[in-house]
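Undergrad: sequence plus predicted model, see below.
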Amino acid sequence: MAGMSIQPAALAKSLNADYAALPSLELLDVTVNKVFKNKIALVSSFGTEAALLLSMAAEINPATPVIFLDTLKHFPETLEYRDKIIALLKLTDVRIVKPEPSAVKSAGELWKTNPDGCCHIRKVLPLEEALTGFEAWINGRKRIHGGLRADLDVIEYDGRRIKVNALAGWTQEQIDAEWEKRALPEHPLVPFGYTSVGCMPCTALPKPGEDARSGRWAEFAKQECGIHIGKKWDDFDTGL
């Protein structure tokens, strides 16, 4: 990609200036089919809101590589939903990535005492391996999620690759309307009150009056799994 001849941080700033105002579908078309052609992947949790971004990506290019981090701690309902969405949208390049078995064995029940370390083993390291060879990646973070996501740029540089936050500015009303327009099925846990779904041990129902992600790592001062927070990937202390 010609743009990578300049420093990626400068490129991200330039792309954000040029394309951040585009409608999300056009932004995906530009980044997937032109700017980062064959060098961009979409990372999806197949969680409660994931089908919307996946549907849009499938519309512009169903061969877009999609990376799913199978932490080995997902709800069975999430795995069933993943397979349903893949078939529905006719996604042709979904890559299911798992953590190293030896690392998982050593970690044991690390999520009980050090959820950052557990996420590093089960998500951060496998994702870094899966993104080898890609210059950019797409994710579904939104400003309405609050916390560290409240001031997201549409296109940013995370220290290693450019990230496209394709739905950064979407409101809940826009999400709901587009979801209905596309006739997307809901995650099986939504009817039970879950508004954000991750690994089973670290996902609870949202707290009354708090944001949609308040049920994630509810017993810890933790907002993100680690793939978005810019920690040094190589020397993280897992506590083992």
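TA: Nice, I can see it.

Undergrad: could you report the pLDDT at residue 35?
TA: pLDDT for residue 35: 96.

Undergrad: for residue 20, that is, sorry about that
TA: 95.

Undergrad: doesn't residue 104 lie inside a strand?
TA: No - counting by DSSP: H, G, I helix; E, B strand; the rest coil, residue 104 is not found in a strand; it is helix.

Undergrad: quick check: it vs residue 62, distance?
TA: 32 Å (Cβ to Cβ, to the nearest Å). Using the backbone N, CA and C atoms, a C-beta is placed for each residue, glycine as well.

Undergrad: quick one, which of the two is more surrounded?
TA: residue 104 (17 against 14; other Cβ atoms under 10 Å).

Undergrad: so what's the residue count around residue 21?
TA: 11.

Undergrad: what strand or helix carries it?
TA: Under the criterion DSSP states H and E, no helix or strand holds residue 21.

Undergrad: helices of the chain, residue ranges please.
TA: Here the chain has its helices, by DSSP state H, at 8-19, 24-30, 50-60, 76-89, 101-107, 115-119, 125-130, 172-181.

Undergrad: so which of these is nearest residue 197?
TA: Across the helices of the chain, residue 197 has its closest neighbour in helix 76-89 (6.1 Å, Cβ to Cβ).

Undergrad: report the buried residues of the closest one.
TA: By 16 or more other Cβ atoms under 10 Å, the buried positions in helix 76-89 come out as 77, 78, 81, 82, 85, 86, 89.

Undergrad: tell me who's in contact with the fifth one.
TA: Contact analysis of residue 85 by Cβ atoms under 8 Å, 6 or more residues apart in numbering lists 46, 50, 51, 54, 91, 185.

Undergrad: of the buried residues of helix 76-89, just say which sits nearest to residue 11.
TA: Nearest to residue 11 among those: residue 89, at 29.6 Å, using Cβ to Cβ.

Undergrad: show me the contacts for the nearest residue to the closest one once chain neighbours are set aside.
TA: Spatially, and ignoring its direct neighbours in sequence, residue 89 is nearest to residue 58 (4.1 Å; Cβ to Cβ, 6 or more residues apart in numbering). Taking Cβ under 8 Å, 6+ apart, we find residue 58 in contact with 64, 89, 90, 91.

Undergrad: now the two most distant members of the residues you listed.
TA: 64 and 90 (11.6 Å).

Undergrad: need the contacts of residue 85 in JSON lines (columns: pLDDT, distance to residue 131 and neighbour count).
TA: Listed next are the contacts of residue 85 as JSON lines, based on pLDDT from 0 to 100; distance: Cβ to Cβ, whole Å; neighbours: other Cβ atoms under 10 Å:
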{"residue": "46", "pLDDT": "97", "distance to residue 131": "18", "neighbour count": "24"}
{"residue": "50", "pLDDT": "95", "distance to residue 131": "18", "neighbour count": "24"}
{"residue": "51", "pLDDT": "97", "distance to residue 131": "22", "neighbour count": "25"}
{"residue": "54", "pLDDT": "98", "distance to residue 131": "18", "neighbour count": "25"}
{"residue": "91", "pLDDT": "98", "distance to residue 131": "18", "neighbour count": "20"}
{"residue": "185", "pLDDT": "98", "distance to residue 131": "28", "neighbour count": "12"}
